[in-house]
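K.L.:
Pasting the sequence and the predicted coordinates here, then a few questions.
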Amino acid sequence: MFILVSLTYFAIMIGFERYRLANGLRVIVHRDVGTPMVTTNILYDAGARDEDPEATGFAHLFEHLMFEGTRNVPQFDVPVMMAGGENNAFTNNDLTNYYITLPANNLETAFWLESDRMRGLDLADERLNNQKSVVTEEFRQRYLNQPYGDLLLLLRPLAYKVHPYRWSAIGMDISHIEKADSDSARQFYDRFYNPSNAILSVAGNVDPERVLKLAEKWFGDIPAGERPVRTLPAEPEQSVRRELTVYRAVPAGHLVMAFHMGDRLSRDFYVLDLLTDILAGCDSARFPSILVRQKELFSDADIYLSGEADPGLVIFSGRLRNGTDIREAGEAVAGEFDRLAREHVTPAELEKARNRYESHRLMSYMSASNKAFSLAYHEVLGDADGINRENEQYLNVTEEEIVSVSERTFRPENSSVIYYLPEKR
């Protein structure tokens, strides 16, 4: 007998102070007295979608270059480690994000380092060539020479024909990075790395007034720069199913199916995010239960959202069992999508997905670094307080909405399919 357990949902609010310096830098401060640490997170509103189609991969290249040092601080990592901290960064199609976590009493070290590389990055040929070599080697190892590594490189231009999401954050072609020079790097840096295009969020055991004073001290005299105006082409509605078959040196076939969906703030995002958890969020979800164990078509089967700010994709990805016909497997997946459009998910499935979402949310709030990034991310989406409104969006998803959104999303003419097969012998 299945027992439905309903959690009591906690209306935890993330309090914060928000400021804007005269040069346009947005500053967000969340005070968390439950930790001796602090995270400074600086988000630049520049990702792969902002690149020139003839010079892609620059956003990711700069993620590397920002750790190469400045004339004042030749080795960025050394002062971070001396202050008892750690740092890292990531790039995606929408943004580039940097963060430093260190003891709260060493907060000013992070401000000094971040302000220094915002204004004084060393783009000498030697440093640029060093990181070009690192990035091109990463491109080869992770995407070109890795089994299944080029799947997303193939999927994006199949699913997108106009929007710059048609290339991955690593870039469209390795030659674009190989051809980068100091002039093109300087142009990208001057255009995007300035206070008017950045959000500084700080979370930890800090006084908001002190954070504001430090922000004024270290960032206040940096010229604002001109905030780029983003005018991206909208992807036309897909009206015909797209299909690509490739053969690679891999041990088993792989099926990928992508469907266009709404943007990050659309209602569809929250509905589909819960739905993908119902389908593949845990070992007892539908796809592992039906497609992997019951029908034995796949060795693993997953579905997830690409998660971009502009209209993105919901992506099915499944590794085939040996001997499975890939088109038969595709029909089985399509059958599960058809069932979603005909039948309600069960109340137990929906409640379980809500419980898992709430559990993950509460766990993430235990980390100051997660809160620092989430505040900055919601701010770049439009309002940092979105972090507090999102909970309701998830928890009021209904079974009827899932049917409606499934019917609209999982249509054959809205799909891009890759049959990724072992090379013929």
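P.N.:
Looks like it arrived, so ask away.

K.L.:
Residue 276: what's it in contact with?
P.N.:
Counting by Cβ atoms under 8 Å, 6 or more residues apart in numbering, residue 276 touches 303-305, 314. C-beta: built from backbone N, CA, C; applies to glycine.

K.L.:
Restricted to strands, list those residues.
P.N.:
303-305, 314 (DSSP state E).

K.L.:
Please identify which pair of those lies farthest apart.
P.N.:
Using Cβ to Cβ, the pair of the ones in strands among the contacts of residue 276 lying farthest apart is 303 and 305, separated by 8.6 Å.

K.L.:
how about low-confidence regions in the stretch 301-425 of the chain?
P.N.:
Scanning the stretch 301-425 of the chain for pLDDT under 70 picks out 425.

K.L.:
change it to 90
P.N.:
For the stretch 301-425 of the chain, the stretches with pLDDT under 90 are 323, 341-343, 424-425.

K.L.:
And the strands in it?
P.N.:
Secondary structure of the stretch 301-425 of the chain, counting by DSSP state E, counting those that start in this stretch: strands at 313-320, 415-422.

K.L.:
I'd like to know which elements the first one is packed against.
P.N.:
By that I understand strand 313-320. The contact analysis (3 or more Cβ pairs under 8 Å, 6 or more residues apart in numbering; DSSP states H and E) places strand 313-320 against helix 151-159, strand 254-260, strand 298-305, helix 326-342.

K.L.:
Same list (these) but as a markdown table, adding distance to residue 135 and mean neighbour count.
P.N.:
Converted to a markdown table, those look like this (distance: least, Cβ to Cβ, whole Å; neighbours: other Cβ atoms under 10 Å):
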| stretch | distance to residue 135 | mean neighbour count |
| --- | --- | --- |
| helix 151-159 | 15 | 19 |
| strand 254-260 | 25 | 23 |
| strand 298-305 | 26 | 20 |
| helix 326-342 | 33 | 16 |
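
K.L.:
can I get these in JSON lines with distance to residue 35?
P.N.:
Converted to JSON lines, these look like this (distance: least, Cβ to Cβ, whole Å):
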{"stretch": "helix 151-159", "distance to residue 35": "36"}
{"stretch": "strand 254-260", "distance to residue 35": "40"}
{"stretch": "strand 298-305", "distance to residue 35": "30"}
{"stretch": "helix 326-342", "distance to residue 35": "42"}
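
K.L.:
And the ones you listed: which comes nearest residue 205?
P.N.:
Among the helices and strands packed on strand 313-320, if distance is taken as Cβ to Cβ, the winner is strand 298-305, at 33.8 Å.

K.L.:
That closest one: partners in the sheet, and parallel or antiparallel?
P.N.:
According to DSSP bridges, strand 298-305 has the following sheet partners: strand 313-320 (antiparallel).

K.L.:
between the partner strand and strand 254-260, what angle do the directions make?
P.N.:
Angle of strand 313-320 versus strand 254-260, following axes from the mean of the first three to the mean of the last three Cα atoms, to 10 degrees, is 170 degrees.
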